[in-house]
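Enquirer: Kindly generate the corresponding structure for this input.
(one chain, ligands or ions: 1)
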Amino acid sequence: MKKEWWKEAFGYQIYIRSFFDGNDDGIGDLPGIIEKLEYIKKLGVDLIWICPFYESPMDDNGYDVSDFYSVSKDYGTIGDIRTLIQRAHRLNIRVVIDLVLNHTSDEHPWFKESRKSRDNPYRDYYIWQKPRYKDNVRIEPTNWASFFGGSCWEYEALTDEYYMKIFSKKMPDLNWKNPKVIDEIVKMATWWCEMGVDGFRIDAVSHLAKADFVDSTQYPDQEFKPEWGKFSNLPKLHDYLKILNERVFSKYDIVTIGEVGGNAPVKDGVNFTLPENQELDMVFNFDHNWCNNGWGAKSGSQLSTDVKRLKEVFNKWQKGLFGQGWNAIYWLNHDQPRLVSQYGDPEHYHVESAKMLATALYFMWGTPFIYNGEEIGMSNPEFKSIEDFRDVSTITQFHINVERYHQDPAEYIAAASFSSRDNARSLMQWRDAENGGFSKAKPWNIIGDFHKINVESQIHDPDSIFSFYRKIIQLRKDSPYKDVIIYGKYDQILADHPQIYGYIREYENKRILVLANLLAKPTALGNLPYRTKTIILSNYIRKQVPDIMKPFEAMVLELEEDK
Ligand code: NOJ
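Expert: Next up is the predicted model:
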């Protein structure tokens with residue numbers, strides 16, 4: 001397998017708005033990230049992915065870009081991004097930025113032109129369709145749903161047409177069939193490469209190609225049909241990626257990471273990342289994000305992990321891509337709840353479950369990404385009413401569900417409290433001080449329990465979650481186990497065990513075994529046919545492999561060569 005710097009990197013995702021406020025206006029920003037580079041260095045990661053900081057009306061916190069070439073005044077200046085890249089590079093930290101290619105803001109000058117008239121030169125930068133009529137009533141061009149609720153079409157009376165918006169109505173979809181759009185994107189991505197960024201996390205990349213505009217016949221009970229396959233991972237997308245690769249990516253020593261969640265079966269993951277296909281370097285998939293009863297639960301306390309599914313999903317991606325393409329490994333990002341609340345137990349086994357989850361994931365192969373706050377085990381904050389939420393998706397769906405479909409608001413809030421994206425966007429908990437040390441001004445968003453969980457209390461404690469993450473990063477970056485963790489073959493063991501996720505990694509003559517009890521109850525391990533050479537890591541104090549694994553117990557062992 002070819003060695004590459006980005007296969008050996010350890011990533012850290014920064015949700016800029018919530019990370020650290022450098023100028024005390026209540027909003028996280030680029031100077032804030034610059035100030036915390038030493039912290040990032042201490043953790044040991046060597047790559048950061050920063051969520052969008054472009055000019056934007058902030059309908060979707062920056063994923064609605066109104067100018068790809070400038071920085072939002074909320075976040076700083078172009079000078080700040082230059083300084084950030086320079087300082088990060090001095091610390092041997094690479095900088096990956098978000099590239100938003102599926103849509104722009106409706107306040108982008110292209111869309112402002114596009115919506116003016118049907119014959120505007122920018123009309124075809126976006127996707128416009130005529131209305132349909134049913135019993136003389138105007139209806140959308142198709143019955144497809146939007147990810148953020150309602151239809152994926154928005155009507156414009158001025159020109160009597162609908163534009164497509166698979167996210168919010170302030171985020172019209174770009175028309176990738178138009179070569180001029182592709183030229184603009186090539187120009188913009190090149191500009192950022194020249195600025196010195198080390199790569200792109202490509203937002204919503206699955207959705208660039210759309211199917212023919214024919215109604216979905218699925219989901220008979222729903223007004224707008226969430227058949228995401230109508231605009232996800234369609235064959236034409238591969239052509240677009242090949243063009244971007246040829247005209248931009250291949251010209252620079254950068255990494256490209258596609259967000260291809262939704263319905264991206266492993267074979268798509270392979271197609272996107274096979275080196276000879278010349279599309280992307282790696283993908284983020286979503287298959288493991290909701291392996292619990294999250295869609296049925298009424299409150300966070302009812303959540304329970306679907307161990308079987310989680311193990312199957314991990315195994316499917318680890319086996320399916322190995323030796324072919326490349327994968328990014330991560331637990332959750334800014335679009336999901338906090339990790340310990342989702343799959344651990346912040347109340348009873350906070351430290352144990354956080355360490356177990358890190359162990360279970362970060363010894364798989366693939367480029368790892370920690371989501372900011374995960375390294376100290378941040379949990380979901382407490383929401384009391386819809387006023388506590390900021391996420392456009394959560395708020396849009398609240399209005400649709402409560403006003404249009406008459407859902408009980410309290411029921412909606414209870415579910416959103418454990419499922420909303422705002423959980424991950426809660427402020428970074430730096431200290432047990434005002435606003436968790438995030439800002440001296442009134443912050444833009446909610447914060448979790450910073451008295452209990454914060455960076456300051458963990459950074460010097462050798463037993464903290466933070467120190468455990470550091471150890472894992474060191475093992476991957478600089479230890480005798482580096483190659484086996486990064487390039488070793490993966491094989492699952494104990495596939496049918498109801499609680500333990502176990503796998504072996506093997507490279508040349510080294511073998512390591514990872515065992516993780518995914519649940520809050522003890523479980524018998526049974527006799528394993530391996531002889532342990534060393535215990536590399538464990539979250540309970542252990543001198544040998546136990547018969548019974550404790551709640552959320554995890555270990556990494558080096559095995560003797562003979563079986
Ligand atoms: C995926 C991003 O991760 C999410 O936060 C955003 O809302 C959508 N893409 C739209 O850009």
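Enquirer: How much space separates the closest residue to the ligand within the stretch 201-350 of the chain from Asn102?
Expert: Proximity of the stretch 201-350 of the chain to the ligand (CB to the nearest ligand atom) peaks at Ala204, 4.2 Å away. No exception for glycine: its C-beta is placed from N, CA and C like everyone else's. Distance check for Ala204 against Asn102: by CB to CB, to the nearest Å, it reads 4 Å.
Enquirer: element containing the nearest residue to Tyr490 once chain neighbours are set aside?
Expert: For Tyr490, ignoring the flanking residues on the chain, the nearest one in space by CB to CB, 6 or more residues apart in numbering is Gln318 at 4.5 Å. Per DSSP states H and E, Gln318 falls inside helix 307-321.
Enquirer: partners of the helix or strand following that helix, with directions?
Expert: Later in the chain than helix 307-321, the nearest helix or strand by DSSP H and E is strand 328-330. Using DSSP bridges, strand 328-330 pairs in its sheet with strand 367-371 (parallel).
Enquirer: Contacts for the helix or strand just after the strand it pairs with, please.
Expert: Using DSSP H and E, the helix or strand that follows strand 367-371 in sequence is helix 392-399. Identification of contacts with helix 392-399 by CB atoms under 8 Å, 6 or more residues apart in numbering yields 59-60, 147-150, 167-168, 170, 386, 389, 409, 412, 416, 420-422.
Enquirer: Write a PyMOL command that selects only the buried members of these.
Expert: Burial among those is assessed by 16 or more other CB atoms under 10 Å; the matching PyMOL selection reads:
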select buried, resi 59+60+147+148+149+150+167+168+170+389+412+416+420+421+422
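Enquirer: Among the contacts of helix 392-399, which ones lie close to the ligand?
Expert: 60, 167 (CB under 6 Å from any ligand atom).
Enquirer: Where do the domain boundaries of the chain fall?
Expert: 5-103+179-385+449-468, 109-164, 386-421, 489-559 (automatic domain parsing).
Enquirer: Most tightly packed of these?
Expert: Highest mean neighbour count among these (mean count of other CB atoms under 10 Å): domain 5-103+179-385+449-468, with a mean of 20.
Enquirer: Let's see the distance spanning that domain from one end to the other.
Expert: 24 Å (CA to CA, to the nearest Å).
Enquirer: Quick check: which element contains Asp491?
Expert: For Asp491, the host element (DSSP H and E) is strand 489-493.
Enquirer: what's that strand in contact with?
Expert: 311, 315, 318-319, 322, 364-365, 502-507, 513, 528.
Enquirer: related to what we said a few turns ago, is it true that the residue nearest to Tyr490 touches Met364?
Expert: Yes: applying CB atoms under 8 Å, one finds Gln318 in contact with Met364, separated by 5.6 Å.
Enquirer: Can you pull the residues that touch both of the two?
Expert: 490, 503.
Enquirer: re earlier: so what are the sheet partners of the strand holding Asp491 and their directions?
Expert: Checking strand 489-493 against DSSP bridges gives partners strand 500-507 (antiparallel).
Enquirer: what sits against Arg390?
Expert: Arg390 neighbours (CB under 8 Å, 6+ apart): 61, 422, 425, 444-446.
Enquirer: Let me see the confidence value for Asn263.
Expert: If you check Asn263, the pLDDT there is 68.
Enquirer: Just the closest residue of the stretch 51-200 of the chain to the ligand, please.
Expert: Closest point on the stretch 51-200 of the chain to the ligand, by CB to the nearest ligand atom, is Tyr63, at 3.3 Å.
Enquirer: so that residue sits right up against Asp203, yeah?
Expert: Yes: counting by CB under 8 Å, Tyr63 does reach Asp203; the two are 6.3 Å apart.
Enquirer: Now do the shared contacts for those two.
Expert: With CB under 8 Å, 6+ apart as the test, Tyr63 and Asp203 both reach 52, 98, 100.
Enquirer: Keep only those residues that also lie close to the ligand.
Expert: Val100.
Enquirer: With secondary structure added, can I get the shared contacts of Tyr63 and Asp203 in a markdown table?
Expert: Below are those laid out as a markdown table (DSSP: H, G, I helix; E, B strand; the rest coil):
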| residue | secondary structure |
| --- | --- |
| Pro52 | coil |
| Asp98 | strand |
| Val100 | strand |
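Enquirer: which one is Asp198 nearest to, not counting chain neighbours?
Expert: Arg94 (3.8 Å).
Enquirer: for the one you found, phi and psi?
Expert: phi -90, psi 160 (degrees, to the nearest 10).
Enquirer: For it, give the beta-bridge partners.
Expert: Leu47.
Enquirer: check contacts around it.
Expert: 9, 46-48, 88, 198-199, 255.
Enquirer: which one of the residues you listed sits closest to Leu339?
Expert: Ile48 (18.4 Å; CB to CB).
Enquirer: That closest one contacts Tyr15, correct?
Expert: No: at 11.3 Å, Ile48 does not count as touching Tyr15 under the criterion of CB under 8 Å.
Enquirer: Mind listing the shared neighbours of those two?
Expert: Counting by CB under 8 Å, 6+ apart, Ile48 and Tyr15 have no shared contacts at all.
Enquirer: what does the stretch 201-350 of the chain put close to the ligand?
Expert: 203-204, 259, 334-335.
Enquirer: ok, 5 Å please
Expert: Within the stretch 201-350 of the chain, the positions lying close to the ligand (CB under 5 Å from any ligand atom) are 203-204, 335.
Enquirer: With adjacent residues omitted, what lies nearest to the residue nearest the centre of the chain?
Expert: Centroid-nearest residue in the chain, with CA atoms, centre = their mean: Asn333, separated by 3.5 Å. Leaving aside its sequence neighbours, Asn333 sits nearest to Tyr371 (CB to CB, 6+ apart; 5.2 Å).
Enquirer: One more: Lys308?
Expert: Using CB to CB, 6+ apart, the nearest residue to Lys308 is Pro498, at 7.6 Å.
Enquirer: and the gap between the one you found and Asp547?
Expert: Taken as CB to CB, the span from Pro498 to Asp547 is 16 Å.
Enquirer: what's the answer for Gly196, then?
Expert: Counting by CB to CB, the gap from Gly196 to Asp547 is 54 Å.
Enquirer: How about Ile48?
Expert: 42 Å.
Enquirer: next one: Tyr69
Expert: According to CB to CB, Tyr69 stands 61 Å off from Asp547.
Enquirer: Can you tell me the SS state at the residue nearest to Gln129 when sequence neighbours are not counted?
Expert: For Gln129, ignoring the flanking residues on the chain, the nearest one in space by CB to CB, 6+ apart is Pro141 at 3.7 Å. At Pro141 the chain is in coil, as set by three-state DSSP.
Enquirer: Let me know whether Ala328 touches Met364 as I believe.
Expert: No: counting by CB under 8 Å, Ala328 stays clear of Met364, with 10.9 Å between them.
Enquirer: Would you mind confirming that Asn23 makes contact with Pro31?
Expert: Yes: assessed by CB under 8 Å, Asn23 is found in contact with Pro31 at 6.1 Å.
Enquirer: give me every residue that touches the spatially closest residue to Gly22 that is not a sequence neighbour.
Expert: Leaving aside its sequence neighbours, Gly22 sits nearest to Pro31 (CB to CB, 6+ apart; 3.0 Å). Pro31 sits next to 22-23, 76, 80 when contact means CB under 8 Å, 6+ apart.
Enquirer: I'd like the distance from Pro31 to Ile40, if you could.
Expert: Distance, Pro31 to Ile40, using CB to CB: 14 Å.
Enquirer: longest helix in the protein, by residue count?
Expert: Secondary structure of the chain per DSSP state H: the longest helix is helix 179-195.
Enquirer: got a list of contacts for that helix?
Expert: 68-69, 81-82, 85, 97, 99, 101, 110, 124-125, 174-176, 200, 240, 243-244, 247-249, 251-252, 254.
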